[in-house]
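J.: Quick one, what's the 3D model for this:
(one chain, ligands or ions: 1)
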Amino acid sequence: MTKAEYESQLKRIQNKLGNSKKESSTRFELPVVDVMWEGQKTFLRNFSEFPKILRRDPDKVLQYLSKEFAVPAERLGDKAMFVGRRAPDDFTRLFQIYVKNYLECRTCKSPDTKITKENRISFLLCEACGAKSALKGKYA
Ligand SMILES: [Zn+2]
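T.: Purely as a prediction, here's the structure:
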């Protein structure tokens, strides 16, 4: 193999690697949780970013967090306040579960879904593959 051949082959491999990396980064990415504590209260300072990227009703997202933490929560502009002290990881974990239960298509794993209600039963409708599946979560 000549040097030129070697280099072009290397480039091909790098392109391939680059492409597969790009593919995985088009997967759903959550914002980094920005938490602040005040006494026995936890403020999620960038709460409003989550419903936006999740494309879900902020009230529903807040309700979900509040129920999962089993504490009262309140929206204050872009922030959300929770009673008690919560670590950023607690929020991250809940948002990851949220994505799995309320966002990800069962069939193709796309996060481009919406929730529809029929006879008071919520379904997850996938905008990528058209699959309709029963919603896993309870707080839609
Ligand atoms: Zn799908």
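J.: show me the contacts for the most centrally placed residue in the chain.
T.: Residue closest to the average C-alpha location in the chain (CA atoms, centre = their mean): V99, at 4.3 Å. V99 is in contact with F28, L30, L54, P111, counting by CB atoms under 8 Å, 6 or more residues apart in numbering. C-beta: built from backbone N, CA, C; applies to glycine.
J.: Repeat the analysis, applying 7 Å as the threshold.
T.: F28, P111 (CB atoms under 7 Å, 6 or more residues apart in numbering).
J.: Tell me the pLDDT of it.
T.: Among the per-residue scores, V99 shows a pLDDT of 94.
J.: Adjust the sequence numbering to begin at 633 for everything that follows.
T.: All right, first residue 633 from here; so that's V731.
J.: and it, how far is that from Y638?
T.: As for V731, its distance to Y638 is 43 Å (criterion: CB to CB, to the nearest Å).
J.: Quick one: mean pLDDT for the helix or strand containing A636?
T.: Using DSSP states H and E, A636 falls within helix 635-657. When pLDDT is averaged along helix 635-657, the result is 66.
J.: Let me know how buried R677 is, in neighbour terms.
T.: R677 has 15 neighbours, counted by other CB atoms under 10 Å.
J.: thinking again about what came up before, would you verify that the residue nearest to the centre of the chain is located in a strand?
T.: No. Per DSSP: H, G, I helix; E, B strand; the rest coil, V731 lies outside any strand segment and is helix.
J.: how near is it to the ion?
T.: Using CB to the ion, to the nearest Å, V731 is found at 14 Å from the ion.
J.: Could you do F727 as well?
T.: 20 Å.
J.: okay but that residue is in contact with F679, surely?
T.: No. F727 is not in contact with F679 according to CB atoms under 7 Å; the separation is 10.6 Å.
J.: Neighbour count: the two, which is higher?
T.: Taking other CB under 10 Å, F727 and F679 do not tie; F679 has more neighbours (26 against 20).
J.: dump the residue contacts of F679.
T.: Neighbouring residues of F679 by CB under 7 Å, 6+ apart: D710, K711, A712.
J.: would TSV of those residues with neighbour count and secondary structure be doable?
T.: Output for the contacts of F679, formatted as TSV (neighbours: other CB atoms under 10 Å; DSSP: H, G, I helix; E, B strand; the rest coil):
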residue	neighbour count	secondary structure
D710	13	coil
K711	15	strand
A712	24	strand
